[in-house]
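Q: compute the structure for the input listed below.
(2 chains)
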Amino acid sequence: MATTKRTVEVALGTSGIDRSGRPVRSPLTMTENGGVSTLEPPPPLEPQLEGEHMLINIGPQHPATHGVLRLVLELDGETVVRCIPHVGYLHCGFEKIGEYRQYNQIIPWTDREDYLNCIGNNVAFALGAERLFGIDVTPRCVVLRVIAMELSRIISHLVWLGTTCIDIGAFTPFLWSFEQRENVYKLLEDWVGARLTTSATRVGGMAADVPAGWMENLNNFIRNFPKTIDEVDRMLTRNAIWVGRTVGIGAMTAEEAVNYGLSGPMVRASGVAFDVRRDFPYLDYETYDFDVPVGSHGDVYDRYLVRVEELRQSVRILEQAAKRLPDGPVNIDDHRVILPPKSKAMSDMESMIHHFKQVMEGARPPLGESYVAVESPKGEKGYYMVSDGTGKPVRWRIRPPSFVNLSAISRMVEGHLLSDVIAINASIDIVMGEVDR
Amino acid sequence: MKSRFSAVIPGSAAPDAPAPATLRNVPNRGGQANPSAADLQVRFGAAIRRVEVVWGETVVYVDAANAKEIIQWLHDDQSQQYDYLSDVTAVEYRDLERALEVVWHLRSLPYRRFLRLKAELQKGRPLEVDSVWSIYKGADWLERECYDMFGIKFRGHPDLRRILMWEQYREGYPLRKDFPLRGRFSRAEQLRQALSANPEARYSMEELTIAQAFEDLPEDMRNRLRGGERTGE
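A: I've put the predicted structure just below:
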């Protein structure tokens, strides 16, 4: 397999990477015995221009920057010498606003940071708040949350796949992946009534149980979706243009990736099997049978392979979760934390008091702090909350995987061509809503 | 399903690492502390102020002056191997007398451990702490954000400037408790500043240097730069 990849690359004459993961800037050629060697770099065509550096600006309003990212690039010819990223154009002060909101009121804000992973963020926030309150949710809620997390991973990876294809010049997989994404959104719409901004969880449970017949729709999706993955796989994995644009581009070694704090598919593509679901599990992920795909070169191509394999693993987890979904309530039975049902609030005195206290003051966690990290599609997403015993957090911190992954872009694009910057930027899978918050 | 990926696993969990499990029914205070906390107390003594276990997570309060040394040891020592920096942030409490806290979230991937280090910075003294950028490159933007939002200076950071707010932002540090939710300046003043801003100022000084100042440099310096020498090194 590996030899096939590298042969296509040599045939196209693109630059490769050397042993330390640094890009080779001179073209490769085949030797007599089938090995690969580098040619002498050609003499400069216009020697008087050697050393002249040009400054170009990409973004903040450029479709290939996936939002409002601005990159200032110093170029030597077409080679990137230095890259200075600028972020913050979408900064809304989520963390500041969270200090003025009750815990349940923060959940809609979590929709709006990483807006491709809304329901996953809702679950992550609820997990963090529940540890702060010291409560455990019901078994049915745990499995529903696993389903929510994996559906949201599928959405996010499909959007990544489609947009990255467009960035690199392929249009068809974009249509295939967005069609399937639409199917997931239909499932979410049936469940919580919203497509994008779901606000699906509450501290101590979910906003709603799944409706009758929903599991059947989910099973249909699980049956049909792998076909799309196979189609995309056939279209791209051995496609000469795709391989030529991605192999050896933006490589990070395992040590570097860990040192830069990369997480998610970025660190796994570099060969580090760090997956929060496996190493620091939550929602009983240790009881599910799934593989953590790991790349070996850490380039854009490996990140693509890892993400496609993660789609398959998500389907596996969904299958197991759909089988084990138990009956029972989704919300805990403690109305100091979770709202009583509307019918009871209107007829039962105690429920009405709980309802009033909940809405006016919010639930109060004890003094303490919690950091709960989940494996979001982008990487390690953590919510750090500090409570001083009142109904609003003292500090609500989002550990944004996109932000930390993006901080390594200067290192990754160094020495590559200008057109590779777009491919590398796409491979990080950033969502600027999460980077800027 | 057959995986096509090789299991090259440097930096991830060692075979004898404890099997992970979802945290359940953890008490608010007390509980099993991370073994690294005891090692830190043996190794650093008085620089470790106290150790708490909150909701099953170990919090080690350290002297701000020794924080970097302690993190360096945690990173380098073979029995600890905290090779992954999850987060750098700060906490300010509503009680304005209470010290600000800088928080480091560290992970040891080989041992599957998670540790929270905290250093208290008293109010009324300069808010300064050593940068851990030389240990973890990932600290670069996290420390810049912390400086941007709280005004904490990280000594030794190579490029400590605002990141989420723009560089000409003069209203202060947004996540401090004395900063009002709407900002310090009135809406009229904020609008006036936005309209009168110099669009060129969106390039930082460093970038303008590359673009424009080159021709103004003396001949010998231009030659040195052409030869590959970089400024600021």
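
Q: residue contacts, residue B:73?
A: Taking CB atoms under 8 Å, 6 or more residues apart in numbering or on different chains as the criterion, residue B:73 is in contact with B:43, B:44, B:80. For glycine as for every other residue, the C-beta is placed from the backbone atoms N, C-alpha and C.

Q: can you count the residues close to the second one?
A: Applying other CB atoms under 10 Å in any protein chain shown, we find 16 residues neighbouring residue B:44.

Q: where's it relative to residue A:70, distance?
A: 43 Å (CB to CB, to the nearest Å).

Q: lowest-pLDDT helix or strand in the chain?
A: Just going to use chain A. helix A:2-12 (a mean of 38; mean pLDDT, DSSP states H and E).

Q: actually, chain B is the one I wanted.
A: Min over SSEs of chain B, mean pLDDT, DSSP H and E: helix B:205-212 (a mean of 57).

Q: pLDDT weak spots in the chain?
A: Reading this off chain A. Within chain A, the segments meeting pLDDT under 70 span A:1-45, A:49-51.

Q: you looked at the wrong chain, it should be chain B
A: B:1-18, B:197-217, B:221, B:224-233.

Q: give the contact list for the residue of it found nearest chain A.
A: Nearest residue of chain B to chain A: residue B:138, at 2.6 Å (CB to the nearest CB). When contacts are counted by CB under 8 Å, 6+ apart, residue B:138 touches A:259, A:260, A:261, A:262, A:404, A:407, A:408, B:85.

Q: and the fourth one, which of the three is it?
A: Put plainly, it is residue A:262. The three-state label given to residue A:262 by DSSP: H, G, I helix; E, B strand; the rest coil is coil.

Q: do I have it right that it meets residue A:254?
A: No: Residue A:262 is not in contact with residue A:254 according to CB atoms under 8 Å; the separation is 10.1 Å.

Q: which residues are in contact with each of those two?
A: Common neighbours of residue A:262 and residue A:254 (CB under 8 Å, 6+ apart) are residue A:270.

Q: top helix in chain B by residue count?
A: The residue-count maximum for a helix in chain B (DSSP state H) belongs to helix B:139-150.

Q: could you say what helices and strands that helix packs with?
A: Contact partners of helix B:139-150 among helices and strands, from 3 or more CB pairs under 8 Å, 6 or more residues apart in numbering or on different chains; DSSP states H and E: helix A:401-406, strand B:84-91, strand B:153-155.

Q: next SSE downstream of the first one?
A: Using DSSP states H and E, the helix or strand that follows helix A:401-406 in sequence is helix A:409-413.

Q: how far off centre is that following helix?
A: Its chain's C-alpha centre lies 19 Å from the corresponding centre of helix A:409-413 when counted by CA atoms, centre = their mean, to the nearest Å.

Q: how about that helix as PDB, C-alpha atoms only?
A: The C-alpha coordinates for helix A:409-413 follow below in PDB (Å, rounded to 0.1, in the frame of the first residue of the first chain):
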ATOM      1  CA  ILE A 409       0.300  26.100  10.900                       C
ATOM      2  CA  SER A 410       3.300  28.400  10.800                       C
ATOM      3  CA  ARG A 411       5.500  25.300  11.400                       C
ATOM      4  CA  MET A 412       3.600  23.100   8.900                       C
ATOM      5  CA  VAL A 413       3.600  25.500   5.900                       C
END
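
Q: so what touches it?
A: With CB under 8 Å, 6+ apart, helix A:409-413 has contacts from A:71, A:73, A:80, A:82-85, A:250-252, A:256, A:260, A:420-421, A:424-425, A:428, B:137.

Q: count of neighbours near residue B:128?
A: By other CB under 10 Å, neighbour count at residue B:128 equals 12.

Q: that one contacts residue B:152, correct?
A: Yes: between residue B:128 and residue B:152 a contact is recorded at 7.2 Å, counting by CB under 8 Å.

Q: now do the shared contacts for these two.
A: Common neighbours of residue B:128 and residue B:152, using CB under 8 Å, 6+ apart, are residue B:121.

Q: chain A: strands as residue ranges?
A: A:28-30, A:36-38, A:54-58, A:70-76, A:79-86, A:201-202, A:205-206, A:368-376, A:379-387, A:395-399 (DSSP state E).

Q: packing partners of the fifth one?
A: Meaning strand A:79-86. Going by 3+ CB pairs under 8 Å, 6+ apart, strand A:79-86 lies up against strand A:70-76, helix A:409-413, helix A:418-428.

Q: mind checking which of the ones you listed is nearest residue A:239?
A: With CB to CB, the closest approach to residue A:239 among the helices and strands packed on strand A:79-86 belongs to helix A:418-428: 13.9 Å.

Q: quick one: residues in contact with the closest one.
A: Contacting residues not belonging to helix A:418-428 are listed as A:56, A:58, A:64-66, A:69, A:71, A:73, A:75, A:78-80, A:83, A:160, A:163-164, A:167-168, A:245-246, A:249-250, A:266, A:300, A:303-304, A:402, A:405-406, A:408-409, A:412-413, A:416 [CB under 8 Å, 6+ apart].

Q: hmm, 6 Å instead?
A: Here helix A:418-428 makes contact (CB atoms under 6 Å, 6 or more residues apart in numbering or on different chains) with A:64, A:78, A:164, A:167-168, A:245, A:249-250, A:300, A:303, A:405-406, A:412-413.

Q: what is the closest residue to residue A:414 other than its chain neighbours paired to in the beta sheet?
A: Once flanking residues are discounted, residue A:414 sits nearest to residue A:80: 6.3 Å by CB to CB, 6 or more residues apart in numbering or on different chains. Going by DSSP bridges, residue A:80 is paired in beta bridges with residue A:75.

Q: so residue A:80 makes contact with residue A:74?
A: No: counting by CB atoms under 6 Å, residue A:80 does not reach residue A:74; the two are 7.3 Å apart.

Q: more crowded one of these two?
A: Shown here are residue A:80 and residue A:74; by other CB under 10 Å, residue A:80 has more neighbours (23 against 17).

Q: list the residues that contact the more buried one.
A: Neighbours of residue A:80 in contact, by CB under 6 Å, 6+ apart: A:73, A:413, A:416.

Q: quick check: residues of chain A near chain B?
A: Residues of chain A lying near chain B by CB under 6 Å from any CB of the partner chain: A:51, A:55, A:72, A:74, A:88, A:91, A:96, A:100, A:131, A:134, A:254, A:258-261, A:271-274, A:279, A:281-282, A:284, A:286, A:291, A:293-294, A:296, A:366, A:368-370, A:386, A:394-395, A:397, A:399, A:404, A:407.

Q: quick one: buried residues of stretch B:77-97?
A: Buried residues in stretch B:77-97, counted by 16 or more other CB atoms under 10 Å in any protein chain shown: B:80-92.

Q: pick the one among these closest to residue A:437.
A: residue B:89 (12.2 Å).

Q: might one say that the closest one is in contact with residue A:398?
A: No: Residue B:89 is beyond contact range of residue A:398, at 9.5 Å (criterion: CB under 6 Å).

Q: and the strands in chain B, which stretches?
A: Counting by DSSP E, the strands of chain B are B:48-54, B:57-62, B:84-91, B:100-108, B:113-121, B:128-130, B:153-155.

Q: and the residue of the stretch 101-250 of chain A nearest chain B?
A: For the stretch 101-250 of chain A, CB to the nearest CB, closest residue to chain B: residue A:131, 5.2 Å.

Q: report the contact partners of that residue.
A: So residue A:131 contacts A:370, A:372, B:55 (CB under 6 Å, 6+ apart).

Q: now do residue B:153
A: residue B:128.

Q: try 8 Å this time
A: Contacts of residue B:153 were listed using CB under 8 Å, 6+ apart, and they are B:126, B:127, B:128, B:129, B:147, B:160.

Q: and what of residue A:134?
A: Counting by CB under 8 Å, 6+ apart, residue A:134 has contacts A:365, A:366, B:26, B:27, B:28, B:55.

Q: buried residues in the lengthiest helix in chain A?
A: Secondary structure assigned by DSSP H gives helix A:139-168 as the longest helix of chain A. By 16+ other CB under 10 Å, the buried positions in helix A:139-168 come out as A:139-165, A:167-168.

Q: appreciated, that's everything.
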